[in-house]
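Output the structure for:
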Amino acid sequence: MNLELRQLRYFVAVAEELHFGKAADRLHMTQPPLSQAIHALEDMLGTPLFVRNRRAVTLAPAGGALLPEARRMLAQAAEIPRLVSRAASGESGRLSLAFVSSADYSVLPPFLRNYRAAFPQVQIVLQEATSDVQVDDLLRERIDAGLIIPPLPEKALPILDYLKVLDEPLILAAPVGLDALGIPGPVWLKDLPRLPLIIFPRPIAPALHDAILAVFRAAGITPEVGQEAIQMQTIVSLVSAGMGLALVPQSVSNLMRPGVEYRALHDPTPLVETGLAWRRDNTSPVLQGFLDLLRKNILTC
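Here you go, the predicted structure:
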């Protein structure tokens, strides 16, 4: 069966007018070809769509069943140019975005709000993952973009692009009670109790891992690594349980846990960078719209 939209338009016009002459005028055509088209449609479907007599035209049961479906199909067909236009301009489609856990407490929530407001028709698929996993997913084209902690590995440099989104200092996350030890406000690492260090495994972010240990070395301290965890919320939970202390990006202080206090450090600390990585050969309009808005957000911050 080769049903055409033109036939459905003819059918709907006659069904709504219940008069072949008026339907022909509405369609800007003469009545004979309209009648022929309706007869051809009925022959194709194998059943009458209209009951005709000298006085009136009425819908047959099959015509009554077809009318709402014909209207729906015509409405969907009318929507196709706009749908294609939205997809071509990045206003609709699907965006797969991964993020490191620290981004969930800093840049991710406000930017998602702005992006959702600007592109409400885009389906956003979010996935929390460490930087190393994200780079692998980008190389294998499993995600469109990822908020990572740099640097990119050498193997990714010819394939991925990168945009810095945020710089923030490291701060201390420690079990509550520093005030009781007479340590108000910002602290020196050398003045803290010798608690185990809670840190993430080096392979997931080697540069940041090494930078954290360098802060301790500069303070003349060789920390004992007590626990390793790959998510910031897990690290903070271990601190709240009294398992040790941690150095975390400043934005993680937005993650409130009973039994944890955050303090600035007197010790010099490096800035922790977060940025967006994506494949430079990804020409998706949805991704391009995402990148354009991200760049505007960075410029206005």
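
ok, L3 to G63 distance?
15 Å (CB to CB, to the nearest Å). The C-beta positions use only the backbone N, C-alpha and C, and glycine is treated the same way.

between those two, which one's more packed in?
Each of L3 and G63 has its neighbours counted (other CB atoms under 10 Å); G63 has more, 22 against 12.

Against T47, how distant is the more buried one?
9 Å.

Report the contact partners of T283.
Residues near T283 by CB atoms under 8 Å, 6 or more residues apart in numbering: none.

for it, helix, strand, or coil?
Secondary structure, DSSP: H, G, I helix; E, B strand; the rest coil: T283 is coil.

is it true that I221 lies in a helix?
No. I221 sits outside any helix when classified using three-state DSSP, being coil.

residues near it, how many?
16.

how about it, what does it touch?
L189, K190.

List phi and psi for it.
Main-chain torsions, I221, degrees, to the nearest 10: phi -120, psi 130.

got the buried residues for stretch 130-140?
T130, S131, D132, V133, Q134, V135, D136, D137, L138 (16 or more other CB atoms under 10 Å).

Give me the average confidence score over stretch 163-178.
Per-residue pLDDT values over stretch 163-178 give a mean of 92.

element containing the residue nearest the centre of the chain, please.
The residue lying closest to the centre of the chain (CA atoms, centre = their mean) is I124, at 3.3 Å. Using DSSP states H and E, I124 maps to strand 121-128.

Flag every buried residue along that strand.
Applying 16+ other CB under 10 Å to strand 121-128 flags V122, E128 as buried.

counting contacts, what elements does that strand pack onto?
In terms of contacts (3 or more CB pairs under 8 Å, 6 or more residues apart in numbering; DSSP states H and E), strand 121-128 is packed against strand 92-99, helix 108-118.

Give me the sheet partners of that strand and which way each runs.
Sheet pairing for strand 121-128, assigned by DSSP bridges, gives strand 92-99 (parallel).

Quick check, L45 in contact with A62.
Yes. Between L45 and A62 a contact is recorded at 7.0 Å, counting by CB atoms under 8 Å.

how distant is the helix or strand where R217 lies from the center of its chain?
R217 is part of helix 206-218, with elements assigned from DSSP H and E. Remark: helix 206-218 is offset 32 Å from the chain centroid, using CA atoms, centre = their mean, to the nearest Å.

for that helix, packing partners?
Counting by 3+ CB pairs under 8 Å, 6+ apart, helix 206-218 packs on strand 160-175, strand 197-199.

Give the buried residues for the following helix or strand past it.
Downstream of helix 206-218, the next assigned helix or strand under DSSP H and E is strand 225-228. Residues of strand 225-228 classed as buried: Q227, E228 (neighbour count, 16+ other CB under 10 Å).

Straight-line length of stretch 178-188, end to end?
One end of stretch 178-188 to the other measures 12 Å (CA to CA, to the nearest Å).

contacting residues around D132?
With CB under 8 Å, 6+ apart, D132 has these contacts: P203, I204, A205.

rerun that using 6 Å as the cut-off
I204 (CB atoms under 6 Å, 6 or more residues apart in numbering).
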